[in-house]
Each structure stands twice: as C-alpha cells, then as structure tokens.
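K.L.:
The sequence isn't on hand, but the structure is:
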Ligand code: GDP
C-alpha cells in the first residue's frame, strides 16, 4: 500500500474531529499535531511540514461552515487542496524543442533507476508518437551500457553506444550527431551516476550539458530516500541547472516524503514517476491524483466540492434576489458590488446569473476595475445622496463635489448615476417578466 502509513497517520487527525460542529482553533490543535507527526514520519522535511501545517490551520479556522459538511470532512478537503499545492498544483509537462531534436539529459546517483528510466522514457515518448534514440553515457559501470542496449532492444529504440574508453562529453557529441543524421524527435542520454555527489561527476555533467544544450535536464531520484531526494534535486539544480525530477520506486514502501518535498524544497517540479520495474511503469506526476491516493478519500472530496458548489449557487441566487427586490439606491449598489468582490471571482457569479452568458477574462478584469472605481465614487457621496440618487441626477454641483472627492472626472460620476437609473429600469422590466408580465421591449 503506497504511503499507507501516511494515510493512516492522517486518518487519526480526521477521527479526532468526529462529533464536532465546527472547526475552531481549539479543536484543531490536536489534529494538527497528528498531521504534523504523520508528515514527519513520512520523511517530509521540517520546514516544509511547518509551513504546511500553518497553512492548514489558517484555512481550517478561516473557512466558514459549509452546510451539510462535517468539520472532519472539511479538513480532509483543506488538506487535500494544500497537498496538491505543495506538490506543484498542475502536472508539469515535458518540454519539446521547437526545432531540431528534443534533447533530454538524465542525471542521478547510482542505483536510483536512471538506466531503467532512460528506456522507460523512450517507450513512453514513442507511445506519444515521438521517434526516439538513446545515448549510453554511463562509462563507469560497463554493465550499464549493456543494460541500456538490451532495454533499448526491448522497447524498440536505437541505442548509441561507444564503449567506456571515451569521455561522456565526446559520447554526447557523437550521439547527438547520429541523432541529427537519423532525424529523430527525441534523444535521451543516460549518464554516469556515483554513490555520492562528487566534483568529477558534476564537472562531467556540466561538460555533457554544454555539448548537448538539452531541452530537459531531469534528475532521477529514488522515492525511498525521502527528504534526501528533495535535497539532491536542490543540489543538482544549483550545480548544473535542471528542469525537473523523475521520482522512481514509488511502488515500493516509500513513505511519501520525496513526492511531498521535492517541489517545495527545490523549486523544481517532479515531471514523471516510476511505479514499477516494467518498462510501462512510467507516468506523468499528477499532484491531484497523488494527493487523492495519499488521502484515500475520493468520495469525501467530491462530496465537499459539491456542497461548496451548492453554497456558491445559493449565494448567487440570494444576490440576484436582493438586486431585483431592492429599491436599489447607491447603498444597495455598494453592498452588491462588495458582496461580489468578497465572493472572489466575479466570473463565477456572473456565470451563475441566468441570462448572463459566457464572459471573457478581459471583460471580467474590466468589470473588476469598474467596481473599484464605483466604490470610490459612492464613498464620496453623502448618506442622503446615496439614498436619493435623484439628488445627484439633478445637481451638477453635487456631481462635481463627488468627482473631486473621489479623484474621478465629472463625466465618470455622471455615467455612474446614469447607470444606476438604467439598472432600475432594467430591473423593473425583469421583475415584470418574472411576475408573468409580457416581455418588455428592451432597447440596446
Ligand atoms: P541506475 O544505476 O540509476 O542506472 O539504476 P538502474 O536503472 O540500474 O536501476 C536499479 C534498480 O532499480 C533495478 O533493479 C531496477 O529494476 C530498479 N528500479 C528502477 N526503477 C524502479 C521503479 O520505479 N520501481 C521499482 N520497484 N524498481 C525500480
């Protein structure tokens, strides 16, 4: 069971919240300690654990109650979302060169699964329709070259091998020339690993990197090594500059620390994961699926998501009702715009109001800018003016004062006043329709 210990450690946390009504600073204290312990036992590094737990507790006490959702379920959802974020959020795709072959340089310590990954990656890319070639560059382990040749045959990908009596950088140059001649889409170079990081290895890698000018430099790390893997990614990135990591042996009894720490510690994403010894066992790293596997609570997650969606829907309907029933002065106007702003995303709300079709992001940005501007002007109005927009409609002097106090132009103030009256008309029409009246002729 992958991450079994982590999963059950986290379960302890949810269980402590059974029977609670809401999440409070007090009742999450113990679950937070459980989460902290579970993560440390999974070999996630301490600073990462600290930040993670802090983020969770802030959200746990900051989020209101979602109707119908129990606090423990809510916490599961918060932890899930934070786990996804921790692992980089989105899947981080491999990058392909626009012209010429895409060159992927693989680095890593000995025994992490680098040679195996080379062949797995070639197979994976062949399946995506890429024409691949492998370069055998592990000159310090003669068996590694034979191994790659055999694996290459197995997956049906040509392997460029030049023996062990030649420098890796020279192999790289020859291999790349061969790849160009063959017009392949992707060249993958396996390099020599050492038991530990040392200067010779780093210098060699730098040299190979200079020759290849690779599109991707991927560090292969072993999931079993936990936070050590994250530290390695950091070091290799600082030394040679890498584009991401491949995490192997995720099928073993790895505790999860590597998967959870790499991105946060090194800033570099895990792009692919190895989940077995077969050539097919390589796949993209999906933070959301990984979080789902760790928590093992897919049904709870989708339930909470649905409940949140219903809440948002109800809020939107409430807002709509208010808009339509109010006599609608500037106070209402301000309340509504603030309510909308508080809900975070205008797009959601607009999207939920029936009759409002799809809006573009540019329109939304524009709308949000407008809201700010309107707020400034309404704040500059007297209470009386807010309640009786007619006062402003009738008096240029008042409009001028509002303009001056809000730092806007008189024209902008006039527009806002006109807008409010237009809105009143539109609402009256809309209400007419809702009450069964005939459809008004709307002029545009
Ligand atoms: P290298 O020294 O980095 O080139 O490592 P190898 O490619 O020779 O792999 C070392 C061992 O790890 C081999 O026995 C592989 O079969 C095994 N291995 C590699 N990747 C995985 C994986 O994702 N899961 C498991 N279970 N074993 C793996």
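P.N.:
Perfect, I can see it now. All values reported here derive from a predicted model rather than from experimental measurement. Numbering: from 1, shown residues only.
K.L.:
use CA for all of it now, contacts and neighbours both
P.N.:
OK.
K.L.:
Measure how buried residue 382 is and give me the count.
P.N.:
Residues within reach of residue 382, counting by other Cα atoms under 10 Å, total 12.
K.L.:
mind listing what it touches?
P.N.:
Counting by Cα atoms under 8 Å, 6 or more residues apart in numbering, residue 382 makes contact with nothing.
K.L.:
so how far is residue 284 from it?
P.N.:
59 Å (Cα to Cα, to the nearest Å).
K.L.:
same thing with residue 266?
P.N.:
Distance, residue 266 to residue 284, by Cα to Cα: 19 Å.
K.L.:
Check residue 234 too.
P.N.:
Note on residue 234: its distance to residue 284, by Cα to Cα, is 21 Å.
K.L.:
Looking at those two, which is more packed in?
P.N.:
Set residue 234 next to residue 284 and count neighbours by other Cα under 10 Å: residue 234 wins out with 19 against 16.
K.L.:
can you tell me which residues contact the closest residue to residue 13 other than its chain neighbours?
P.N.:
The shortest distance from residue 13 to any non-neighbouring residue, by Cα to Cα, 6 or more residues apart in numbering, is to residue 31 (4.2 Å). Residue 31 makes contact with 12, 13, 14, 16, 17, according to Cα under 8 Å, 6+ apart.
K.L.:
For the fourth one, the count of nearby residues, please.
P.N.:
This points to residue 16. Residues near residue 16, counting by other Cα under 10 Å: 15.
K.L.:
Equivalent analysis for residue 397, please.
P.N.:
Neighbours of residue 397 under the rule other Cα under 10 Å: 11.
K.L.:
contacting residues around the helix or strand encompassing it?
P.N.:
Using DSSP states H and E, residue 397 sits in helix 396-406. Helix 396-406 is contacted by residues 376, 377, 379, 380, 381, 391, 392, 409, 410, 412, 413, 414 when judged by Cα under 8 Å, 6+ apart.
K.L.:
What backbone torsions are found at the fourth one?
P.N.:
What it means is residue 380. Dihedral angles of residue 380 (phi, psi; degrees, to the nearest 10) stand at phi -80, psi 0.
K.L.:
That one and the ligand, how far apart?
P.N.:
As judged by Cα to the nearest ligand atom, to the nearest Å, residue 380 and the ligand stand 65 Å apart.
K.L.:
ok, then the element right after whichever helix or strand residue 60 is part of?
P.N.:
Using DSSP H and E, residue 60 sits within helix 46-62. Next helix or strand after helix 46-62 toward the C-terminus (DSSP H and E): helix 71-86.
K.L.:
if we can go back for a sec, out of the contacts of residue 31, who has the most neighbours?
P.N.:
Greatest neighbour count in the contacts of residue 31, by other Cα under 10 Å, goes to residue 13: 23 neighbours.
K.L.:
now that one: how far from the ligand?
P.N.:
Counting by Cα to the nearest ligand atom, the gap from residue 13 to the ligand is 30 Å.
K.L.:
And the one helix or strand that residue maps to, what does it pack against?
P.N.:
Per DSSP H and E, residue 13 falls inside helix 4-15. With contacts taken as 3 or more Cα pairs under 8 Å, 6 or more residues apart in numbering; DSSP states H and E, helix 4-15 sits against helix 25-41, helix 71-86, helix 287-295.
K.L.:
Could you figure out how far it is turned away from helix 71-86?
P.N.:
Helix 4-15 runs at 140 degrees relative to helix 71-86, counting by axes from the mean of the first three to the mean of the last three Cα atoms, to 10 degrees.
K.L.:
residues of helix 4-15 that come out buried?
P.N.:
4, 5, 6, 7, 9, 10, 11, 13, 14 (16 or more other Cα atoms under 10 Å).
K.L.:
got the contact list for that helix?
P.N.:
Contacts to helix 4-15, defined as Cα under 8 Å, 6+ apart, come from residues 30-32, 34-35, 37-39, 41-42, 72-73, 75-76, 255-256, 294-296.
K.L.:
Leaving out the residues flanking it, which one is nearest to the one residue in the stretch 301-444 of the chain that gets nearest to the ligand?
P.N.:
Nearest residue of the stretch 301-444 of the chain to the ligand, counting by Cα to the nearest ligand atom: residue 301, 28.3 Å away. Closest residue in space to residue 301, ignoring its immediate chain neighbours: residue 77 at 5.7 Å, by Cα to Cα, 6+ apart.
K.L.:
Sketch out the low-pLDDT regions of the protein for me.
P.N.:
For the chain, the stretches with pLDDT under 70 are 1, 316, 318-327, 336-364, 367, 427-444.
K.L.:
Do a quick rundown of the strands in it.
P.N.:
Ranges of strands in the chain, per DSSP state E, are 102-107, 132-137, 159-160, 186-191, 216-222, 244-248, 270-274, 282-284.
K.L.:
what's the neighbour count on the residue nearest to residue 301?
P.N.:
22.
K.L.:
tell me the contacts of residue 70?
P.N.:
Here residue 70 is in contact with 18, 20, 21, 22 (Cα under 8 Å, 6+ apart).
K.L.:
repeat for residue 331
P.N.:
Residue 331 neighbours (Cα under 8 Å, 6+ apart): 386, 387.
K.L.:
and if we set it to 6 Å?
P.N.:
Applying Cα atoms under 6 Å, 6 or more residues apart in numbering to residue 331 gives the contacts residue 386.
K.L.:
Could you report the distance from residue 101 to residue 139?
P.N.:
Residue 101 is 24 Å from residue 139, where distance means Cα to Cα.
K.L.:
Mind listing residues that contact stretch 300-310?
P.N.:
By Cα under 6 Å, 6+ apart, stretch 300-310 touches residue 77.
K.L.:
And it, what's buried?
P.N.:
Of the residues in stretch 300-310, 300, 301, 303, 304, 307, 308 count as buried by neighbour count, 16+ other Cα under 10 Å.
K.L.:
For residue 132, state which of those residues is nearest.
P.N.:
For the buried residues of stretch 300-310, the minimum distance to residue 132 (Cα to Cα) is 39.8 Å, reached by residue 301.
K.L.:
Quick check: that closest one vs residue 291, distance?
P.N.:
To residue 291, residue 301 is 11 Å away according to Cα to Cα.
K.L.:
circling back: let me have the strands of the chain in a markdown table, adding distance to residue 396 as columns.
P.N.:
Formatted as a markdown table, the strands of the chain follow (distance: least, Cα to Cα, whole Å):
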| stretch | distance to residue 396 |
| --- | --- |
| strand 102-107 | 67 |
| strand 132-137 | 74 |
| strand 159-160 | 82 |
| strand 186-191 | 70 |
| strand 216-222 | 64 |
| strand 244-248 | 62 |
| strand 270-274 | 62 |
| strand 282-284 | 64 |
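K.L.:
Dump those to TSV, plus distance to the ligand.
P.N.:
TSV is the format used below for the strands of the chain (distance: least, Cα to the nearest ligand atom, whole Å):
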stretch	distance to the ligand
strand 102-107	8
strand 132-137	10
strand 159-160	15
strand 186-191	8
strand 216-222	8
strand 244-248	4
strand 270-274	4
strand 282-284	7
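K.L.:
and the stretch 51-200 of the chain, which of its residues are near the ligand?
P.N.:
110, 111, 112, 113, 114, 115, 116 (Cα under 6 Å from any ligand atom).
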